[in-house]
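1. below is the sequence, then the predicted model.
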Amino acid sequence: MRVRTVAAGDTLQLRYALRPRGGDDLISNFDEPEPETVTLGDGTLAPMLEQWLIDLVPGERHVFLLEPWQAFGDSQPELIQTLPKSDLPSDMEFGVDQLVEFSMPNGQTLAGHILEISDESVKVDFNHPLADLFIEFEVEIVRIL
C-alpha cells in the first residue's frame, strides 16, 4: 500500500519552526500541545514555504535550508519609504526598531519596521522581516486530514 503524501490543497496538522540559519527559533509550535491545522493555499503559510511540504510523508521530520530567494526574498529598496508624520494616525505610538501595522486605503494591513524617526517624518521598511535571511524551515507533518 502506498503511503499518502501531501498534495496541494490538503488540510494538514503540522508542527514547524522557522529560524535564521544557525539562529534561535523565530516561530515554533513544536512545544505546543496541539499541532497547527493549515490548508495549503489558504494563505496561512507563505506559498514559498508551502511548496516544501508537497510530497512529504506524515510522521517524518525534515529541516529545509532555504536561501533568501527560496524563503522570503531579497529586500527591495523601493519598499523602504519615508512617510510624513502627518500621514500617520495621531494616536499611533511608535519607536525605532519597532514593527508596526499600517492600514492601507484598500482596507488591508501592511507591517513595517521603523528605521528612523525625525520631527517631520518616519522612515519605514516594508520588506518582510525575514527578507535577505538564510532560513531553516523545520517541519513535521503530523497527519493529512
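-> Perfect, I can see it now.

2. surely Val3 and Val57 touch.
-> Yes - if you go by CB atoms under 8 Å, Val3 and Val57 touch, sitting 5.4 Å apart. For glycine as for every other residue, the C-beta is placed from the backbone atoms N, C-alpha and C.

3. between these two, point out the one with more neighbours.
-> Shown here are Val3 and Val57; by other CB atoms under 10 Å, Val57 has more neighbours (12 against 8).

4. what separates the more buried one from Ala7, distance-wise?
-> Going from Val57 to Ala7 by CB to CB, to the nearest Å gives 12 Å.

5. same thing with Asp24?
-> 32 Å.

6. got the contact list for the residue nearest the centre of the chain?
-> Geometric centre of the chain, nearest residue: Ala46, 6.3 Å, by CA atoms, centre = their mean. Taking CB atoms under 8 Å, 6 or more residues apart in numbering, we find Ala46 in contact with 71-72.

7. give the buried residues for the helix or strand bottoming out on mean pLDDT in the chain.
-> Lowest on mean pLDDT, DSSP states H and E among the helices and strands of the chain sits strand 99-103, with a mean of 83. Residues of strand 99-103 classed as buried: 100, 102 (neighbour count, 16 or more other CB atoms under 10 Å).

8. what about Asp24 and Ala7, which has more around it?
-> Ala7 (11 against 8).

9. circling back: who are the packing partners of the next helix or strand after the least confident helix or strand of the chain?
-> Following strand 99-103 in sequence order, the next helix or strand is strand 109-117 (DSSP states H and E). Where contact means 3 or more CB pairs under 8 Å, 6 or more residues apart in numbering; DSSP states H and E, strand 109-117 is packed against strand 99-103, strand 121-125.
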